[in-house]
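> sequence first, predicted model second:
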Amino acid sequence: MAMKHGAQMLSPMSQIHFHQMGGAIERLRFDATAFSGRRAGYTYNIISTWTDLTEDAQHIEINHRCAAGIEPLSMGGAYVKFVGDTGGDQVRSHYGREIYERLSRLKRAYDPTNFFSRNQNIEPAR
């Protein structure tokens, strides 16, 4: 499946990475840190890189199709360093409810004005 989608990527600088999980990552409880997906066998990263700004839409669309093709094999969630600025609801789903709520409480304690709000923003708990 990834090979099929990888062949559709238009730029020779684009990549799909698969990383084997397990080992030390899996030994901790799922809620021990903000890292989600500790029980996954693999994680993946779809990376498109191009130089012509007029091609943004087509490269992004190909990435979305690739992600949708792999989604049925997914446990859900995401490694947030592998995603862009996806917005509030998606950020919550990347972490999972319990981890997100804990991070939101920490954000309220250490950044109540949400000064650090770029990328995968976690809203301070109310």
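On my side now, so go ahead.
> all contacts plus neighbour counts: C-alpha atoms, from now on.
OK.
> can you list the domains in this protein?
The chain breaks down into these domains under automatic domain parsing: 1-75, 77-126.
> for those, give me CSV that also has mean neighbour count.
Putting these into CSV (neighbours: other C-alpha atoms under 10 Å) gives the following:
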stretch, mean neighbour count
domain 1-75, 14
domain 77-126, 15
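> how about the helices in the chain?
For the chain, the helices defined by DSSP state H cover 2-8, 24-27, 56-70, 88-95, 97-110.
> only alpha carbons, please: show the longest one as CSV.
Written as CSV, here are the backbone C-alpha positions of helix 56-70 (Å, rounded to 0.1, in the frame of the first residue of the first chain):
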residue,chain,number,x,y,z
ASP,A,56,1.5,23.0,-2.7
ALA,A,57,-2.1,21.8,-3.3
GLN,A,58,-1.1,18.7,-5.4
HIS,A,59,1.7,17.6,-3.0
ILE,A,60,-0.6,18.0,0.1
GLU,A,61,-3.4,16.1,-1.7
ILE,A,62,-1.1,13.2,-2.4
ASN,A,63,0.0,13.1,1.2
HIS,A,64,-3.6,13.1,2.4
ARG,A,65,-4.4,10.2,0.0
CYS,A,66,-1.4,8.3,1.3
ALA,A,67,-2.4,8.8,4.9
ALA,A,68,-6.0,7.8,4.2
GLY,A,69,-4.7,4.6,2.5
ILE,A,70,-2.6,3.7,5.6
